[in-house]
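next comes the sequence, and after it the predicted model I'd like to discuss.
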Amino acid sequence: MTDTFQSKDIPIIDFSLFETNRPLCAQQIKLACENLGFFYLKNHGFNEKDVEDTFHYTKLYFDQPHEEKQNYKINEHYYGYIDLRQELLDLETQKIGDHKESFNFSKFDDNDDPLAQTLPPLFNEKKSLYSSLSKKCHQLCLKLLQALAIALEIPQSEGGEYWFESKHSYDLKSGDCLRLIHYPPTVVKNDQKDIRAGSHSDYGSMTVLFQKEIGGLEILPHNSTEWVPVPIIPNHVVINVADCLQFWSKGLFKSIKHRVIFREDTCNLDRYSIAYFFHAGSDIVLDRIPSKLIPKDDDNTKYITAGEHLQNKLNISYQKVY
Ligand SMILES: O=C(O)CCC(=O)C(=O)O
Ligand SMILES: [Fe+2]
């Protein structure tokens, strides 16, 4: 027996409880966000075939020639194609950018057209698939925050279980992003200097992550120095608390550090993942959650907007390497 946190200790929450026993579901989600800021979710409502299809077209997209991908490179709103090594997530220890390429989608309108970018032809053809995944991820996150608001007993006079909802409406201008990620293989094994995604925490309220077949994701539990692998469990998504929610809850909920390493058994294989970064509207002030269960405010409370937070974080953790 050991007290060290292990992969098997990562909570698995059955989200069908949200319909059948909402108070219990809310307690489980609150506990997972307090203790680790990270959990698996099963019975989450995503259609398995749709997720499969999304991964299929994602692979086809990244298989295209480099020049084609460069035609839709990242724009001033951070949507579009990001090249191999272009993003560097851990400025403290990384010498070179992440060994990954990605594509960021903005939110979509009612006709499944993206709000802040022009899509490459392949994605334009499949825009309903990506738009629907984006909207479903957003709806899931709203429910997760509703569960947290229930567990925190936010007073009805303050908005109760819907306290978060108006701050995250899909109509708001925000940093929300559906991101497709491709981690190409490497021939260099056990190279401590190279990494698929450097250590970081996410910026917004929370993140939904779909993994597929190839592992490598690791988490660093709060107050620990031991990285813990996050094994892939088929048909489960992974949820993590991000920085803004940690700020709102005055540290009650933990924005967990994570990274993607080259595992020796799979470093010669392509890895694909899909993340949805869920954010409050850019102009929303990161006020504290009104609840007796939130730790007391101290004097140094600094209120910033969600957009400022994103901008600050991008400025320190995002490097353009053209
Ligand atoms: O690909 C993964 O498994 C994690 C990606 C991630 O953490 C990120 O893009 O913020
Ligand atoms: Fe992340």
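Perfect, I can see it now. Residues are numbered from 1 along each chain as shown. Ligands and ions are numbered 1, 2, ... in the order given.

please tell me how far the residue nearest to Glu48 when sequence neighbours are not counted sits from Pro23.
Distances taken as CB to CB, 6 or more residues apart in numbering put Asn235 closest to Glu48, at 6.2 Å, once the chain neighbours are dropped. The C-beta positions use only the backbone N, C-alpha and C, and glycine is treated the same way. Using CB to CB, to the nearest Å, Asn235 is found at 26 Å from Pro23.

measure Val187 to Cys267 for me?
Distance, Val187 to Cys267, using CB to CB: 8 Å.

where do the helices of the stretch 101-250 of the chain begin and end?
Assigned by DSSP state H, counting those that start in this stretch, the helices in the stretch 101-250 of the chain fall at 121-125, 127-151, 243-248.

for ligand 1, find the nearest of those helices.
For ligand 1, the closest of the helices of the stretch 101-250 of the chain is helix 243-248, at 11.6 Å, according to CB to the nearest ligand atom.

what pLDDT, on average, does the closest one get?
Per-region confidence: helix 243-248 scores 95 on mean pLDDT.

run through who's touching that helix.
With contact meaning CB atoms under 8 Å, 6 or more residues apart in numbering, helix 243-248 is reached by 33, 37, 201-206, 253-255, 279-280, 286-289, 306, 309, 313.

centre of the chain to that helix, how far?
14 Å (CA atoms, centre = their mean, to the nearest Å).

return the residues in contact with Asp98.
Per CB under 8 Å, 6+ apart, neighbours of Asp98: Arg85, Glu87, Leu88, Leu89, Ile195, Arg196, Ala197, Gly198.

SS state for the second one?
Meaning Glu87. coil (DSSP: H, G, I helix; E, B strand; the rest coil).

just give me the residue right at the centre of this structure.
Thr207 (2.7 Å; CA atoms, centre = their mean).

point out the most buried one among the helices of the stretch 101-250 of the chain.
helix 243-248 (a mean of 23; mean count of other CB atoms under 10 Å).

next secondary structure element downstream of it?
strand 257-260 (DSSP states H and E).

so is the worst-scoring helix or strand of the chain on mean pLDDT next to ligand 1?
Lowest on mean pLDDT, DSSP states H and E among the helices and strands of the chain sits helix 306-317, with a mean of 87. No: using CB under 6 Å from any ligand atom, helix 306-317 stays clear of ligand 1, with a minimum separation of 10.2 Å.

got the buried residues for that helix?
Ala306, Gly307, His309, Leu310, Lys313, Ser317 (16 or more other CB atoms under 10 Å).

chain neighbours aside, what residue packs nearest to the first one?
Read that as Ala306. Counting by CB to CB, 6+ apart, the residue nearest Ala306 is Ala280, at 4.0 Å.

hmm, that neighbour is touching Met206, no?
No: with contact defined as CB atoms under 8 Å, Ala280 does not count as touching Met206 (10.6 Å).

between these two, which has more neighbouring residues?
Using other CB atoms under 10 Å as the criterion, Ala280 and Met206 rank with Ala280 on top: 28 against 25.

how near is the more buried one to ligand 1?
17 Å (CB to the nearest ligand atom, to the nearest Å).

got the phi/psi numbers for that residue?
The phi/psi pair for Ala280 (degrees, to the nearest 10) reads phi -70, psi 160.

residue contacts, it?
With CB under 8 Å, 6+ apart, Ala280 has these contacts: Lys167, His168, Leu172, Ser174, Gly204, Ser205, Cys244, Leu286, Ala306.

which one of these is nearest ligand 1?
Gly204 (10.4 Å).

distance of the residue nearest to that closest one when sequence neighbours are not counted relative to Ser199?
Excluding its sequence neighbours, the residue lying closest to Gly204 (CB to CB, 6+ apart) is His279, at 3.6 Å. Noted for His279: a distance of 21 Å to Ser199, by CB to CB.

what about these two, which has more around it?
Higher neighbour count among His279 and Ser199: His279, with 29 against 18, using other CB under 10 Å.

before we move on, back to that, just send the buried residues of helix 306-317 back as a markdown table, with distance to Asp53 too.
Compiled in a markdown table, the buried residues of helix 306-317 are given as follows (distance: CB to CB, whole Å):
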| residue | distance to Asp53 |
| --- | --- |
| Ala306 | 32 |
| Gly307 | 33 |
| His309 | 34 |
| Leu310 | 30 |
| Lys313 | 32 |
| Ser317 | 32 |
